[in-house]
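Visitor: Everything below, folded, please.
(2 chains)
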Number of protein chains: 2
Amino acid sequence: MAERECDLIVIGAGPAGEVCAGRAASRGLEVALVEQELVGGECSYYACMPSKALLRPGELLAETQRVPGVAELASGELDAATVLRRRDEVIHHRDDATQLPWLEGRGVELLRGAARFEAERLVSVGGERLRARNAVVVATGTAAAIPPIDGLAEARPWTNREATTANEVPRRLLILGGGAVGVEMAQAWSSLGSTVALVEVEDRLLGTEEPFASEEITAGLEAAGVEIRTRARASAASRGDGGRITLELEGGDRLQGDELLVAVGRRPRTAELGLEAVGVDPAGYLEVDDQMRVGGSDWLYAIGDVNGRALLTHMGKYQARVAADHILGDADVAARSDLIGSPRVVFTEPQLGAVGLTLAGARDRGIEAQAVDVPTAANAGASFIGRNAPGTSRLVVDDGRGIVVGASFVGPEIAESLHAATIAVAAEVPLTRLWHAVPAFPTRSELWLRLLEEYGL
Amino acid sequence: MAERECDLIVIGAGPAGEVCAGRAASRGLEVALVEQELVGGECSYYACMPSKALLRPGELLAETQRVPGVAELASGELDAATVLRRRDEVIHHRDDATQLPWLEGRGVELLRGAARFEAERLVSVGGERLRARNAVVVATGTAAAIPPIDGLAEARPWTNREATTANEVPRRLLILGGGAVGVEMAQAWSSLGSTVALVEVEDRLLGTEEPFASEEITAGLEAAGVEIRTRARASAASRGDGGRITLELEGGDRLQGDELLVAVGRRPRTAELGLEAVGVDPAGYLEVDDQMRVGGSDWLYAIGDVNGRALLTHMGKYQARVAADHILGDADVAARSDLIGSPRVVFTEPQLGAVGLTLAGARDRGIEAQAVDVPTAANAGASFIGRNAPGTSRLVVDDGRGIVVGASFVGPEIAESLHAATIAVAAEVPLTRLWHAVPAFPTRSELWLRLLEEYGL
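Guide: Numbering: from 1, shown residues only, chains lettered A, B, ... in the order given. Prediction:
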């Protein structure tokens, strides 16, 4: 088998792998990037991008109905075929050709095929062996986990892949799991005409977020006609001859649907990489330090979903920058935003934008924390955007340190407002300095003013 | 004349006066607030609020045209009557009754009438004399300046008041002045069907902003059909018998219109207050220190437009908080965000959101500054919001200190994105910490990522 050398091998060309490879290559390293599916990864074709393409029209149509003058001009139901066509454009019809110039421009060599570790720093791809002078980075991501429910796997359920790329609107859609994927897909398909039922085993949706966020998003979904069953555990599933799926719940209830989306979690893609050959256990997430090194290794890194620190595209890209910089010789670089309360947006109607700790999360960590809450729409800016829409905004304040350690904003089109809180939390800006950051009138960012006043400033 | 005492007298119940009075009263002071027109001030009835009510429908309609699925559902021209009705709702039909409960809830006494200084701490309102134990705050704002152009005053031009409250769409509208008021009114009335011509004496609109902002907003207005004449100086104006206005330009050109909006600046409302009685010159803005005290006085304060520091509602309210806290005994409080580069939004299509210094402004101050620019739409989030729309985003970086000293974002619906920059600038967050504030994917806030990369981070 032919063998050749490069500086860095990156396995997996999702957002994390691409960013790591591109950054290292543009700063002088010879980089090989290995991908066995599509360059761009889960996010570009089966997650963030198609889901937002499915959600944006419904979100915007809802806003038009709040603005007199436009409400009268915008009428009717979304045309699913048009929305699905736009979704196909956004995911480039699952052709990764448009991603390649970015890599080429940075001098990254793309190898298509399955990568397998042969030995330390030695990886095979197809009939070729690659030896990394510096490092190997695993960025293979995650896949949907299918829980061991009787008959479920055989019932050919949807995962995020089918849910984001389907070409027909299921008349009735069942969803198992009330996390971000479940609630976004409930919102999206409901906006396109599906009758949706969502089953969640815990007592609320989005169980790691602030309780008010769960309540307000639940209310929004219910207003859109989604049937929500919390504290409901699925016991069996089957697909009948006519193609319909039956989901049985503990207690005896049965739900029927045309499709069933399973969105109960992810599993790392670590099998079939031959990690055993380099002494790494392929079961579970690859544990890394703040430089993204696996198990203290001086050459093996893992970034993005596969290390389990933060299953979010933007945090994978952040880890990619950290890993690339460390490989490039920056000994001081360390990730510090991706373990506790990464910024996150749930693109439902209303949306949730959150960063840092929830109040309960802060108190669990022993922080002397208090929360201040205001209605997101209780300011002049909301006369124009998200008018009269429900939603709460909260800051979680560390009283001892006088800083914001968490923020959650619920409201329509609130996603772009999150970054202000992300800066405040990540940079630990003192409240006494936030007081001098004056929100422009009349924008909804005056909710910051209300929140600081509520805190007593 | 009857005389009585209170702790604090605030003259002028615009946003600054209301906030100052409300804050002081809710913290225990006995406060009298004097207003001779409408509680809520220029902003609520004749500026920020009605202008945004006129602008929002056009802005939102433009966004619907960028989103397939919604574009097909939203068609037609804005119905001006509907928009004007909503504008009337937003300004509460110029009835200030809805503002009163807020004051009452805080125990502020409202006196309607003209205030006049009689002596130090002594103010008359109608047939009554009020003596302030602590302080008197002037918050009387500004009015439109009418320049000494031959015939202009006699031609009964519009000021911001008529431009924001008109009940009919002028077929042809002339605008003198290409600042924020001029460009916003050009955008608004153009969206409602007016044919607009805008005359600006300088070589570009919005002359204190980044040059690219001027260019991009000029292009947006021109695309909306607005005729823009820069380097054009008006020499005379007249209104004919038929009611039409003629504006003559130096060089001989003549423009004709149904109305002429004069938006070339403001003048402080300081006359008729009897300021001479307390030794203050009523000509010009009332100069204050960072505690808002006039000329080193220990009892006379001026906040909002009337002190000339920053003619923006939100900065007036900020000064109001500073003044109130100082009057309440906080000796350390000092305004520091309202002299250089206050946050500001121009609600055109595209919008400008800016804070801090422009590149030229920073260099003028001797700062070793550089600018990094990216297209506002060059990120995944712009697949969904502001798709394919023009617009540049810039950070101005102080290289020596490693902080952002200015930011300008041009793009559709960019207003809510400004507060992140306002926090970064006001809190002087080091770039090395901004690097750890990760923008959520896929939102347009990833322009921060692109900007930091462009800077080399």
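Visitor: surely residue A:454 meets residue A:372?
Guide: Yes: contact criterion C-beta atoms under 8 Å: residue A:454 and residue A:372 qualify, at 4.1 Å. C-beta coordinates here come from the backbone N, C-alpha and C atoms, glycine included.
Visitor: Just say helix, strand or coil for residue A:394.
Guide: Put simply, residue A:394 is strand when judged by DSSP: H, G, I helix; E, B strand; the rest coil.
Visitor: Then residue A:241?
Guide: Going by three-state DSSP: residue A:241 is coil.
Visitor: how far away is it from chain B?
Guide: To chain B, residue A:241 is 35 Å away according to C-beta to the nearest C-beta, to the nearest Å.
Visitor: Who are the contact partners of that residue?
Guide: Contacts for residue A:241 were tallied using C-beta atoms under 8 Å, 6 or more residues apart in numbering or on different chains; there are none.
Visitor: Then residue A:143?
Guide: So residue A:143 contacts A:159, A:266-267, A:269 (C-beta under 8 Å, 6+ apart).
Visitor: of the residues you listed, closest to residue B:329?
Guide: Closest approach between the contacts of residue A:143 and residue B:329, by C-beta to C-beta: residue A:266, at 55.8 Å.
Visitor: Give me the pLDDT for the closest residue to the closest one other than its chain neighbours.
Guide: Distance criterion C-beta to C-beta, 6 or more residues apart in numbering or on different chains; nearest residue to residue A:266, sequence neighbours excluded, is residue A:142 at 3.7 Å. For residue A:142, the model assigns a pLDDT of 98.
Visitor: how many neighbours does residue A:142 have?
Guide: Here the number of neighbours of residue A:142 (other C-beta atoms under 10 Å in any protein chain shown) works out to 21.
Visitor: swap in residue A:391?
Guide: If you count neighbours by other C-beta under 10 Å, residue A:391 ends up with 25.
Visitor: Does it touch residue A:376 like I think?
Guide: Yes: between residue A:391 and residue A:376 there is a contact at 3.9 Å, judged by C-beta under 8 Å.
Visitor: In contact with residue A:12, which residues are there?
Guide: A:34-35, A:41, A:138-141, A:269, A:304, A:306.
Visitor: For chain A, give the helix that spans the most residues.
Guide: For chain A, the helix with the greatest residue count under DSSP state H is helix A:48-64.
Visitor: Give me the next element, helix or strand, following it.
Guide: helix A:80-90 (DSSP states H and E).
Visitor: Residue A:6: neighbour count?
Guide: Residue A:6 has 17 neighbours, counted by other C-beta under 10 Å.
Visitor: ok, it touching residue A:30?
Guide: Yes: here residue A:6 reaches residue A:30: they are 4.5 Å apart, a contact under C-beta under 8 Å.
Visitor: Find the residues that touch each one of these two.
Guide: Shared contacts of residue A:6 and residue A:30 (C-beta under 8 Å, 6+ apart): residue A:109.
Visitor: Apart from its chain neighbours, what residue comes closest to residue A:271?
Guide: residue A:282 (5.6 Å).
Visitor: still on that earlier bit, report the angle between the longest helix of chain A and helix A:80-90.
Guide: 140 degrees (axes from the mean of the first three to the mean of the last three C-alpha atoms, to 10 degrees).
Visitor: other SSEs contacting helix A:48-64?
Guide: When contacts are defined as 3 or more C-beta pairs under 8 Å, 6 or more residues apart in numbering or on different chains; DSSP states H and E, helix A:48-64 packs onto helix A:80-90, helix A:160-165, helix A:180-191, helix B:48-64.
Visitor: 6 Å - rerun?
Guide: Helices and strands touching helix A:48-64, as assessed by 3 or more C-beta pairs under 6 Å, 6 or more residues apart in numbering or on different chains; DSSP states H and E, comprise helix A:80-90, helix A:180-191.
Visitor: what residues does the longest one touch?
Guide: Read it as helix A:180-191. Contact with helix A:180-191 is made by A:51, A:54-55, A:58, A:160, A:163, A:173, A:175, A:196, A:198, A:205, A:221, A:224-226, A:261, A:263, A:346-348, as judged by C-beta atoms under 6 Å, 6 or more residues apart in numbering or on different chains.
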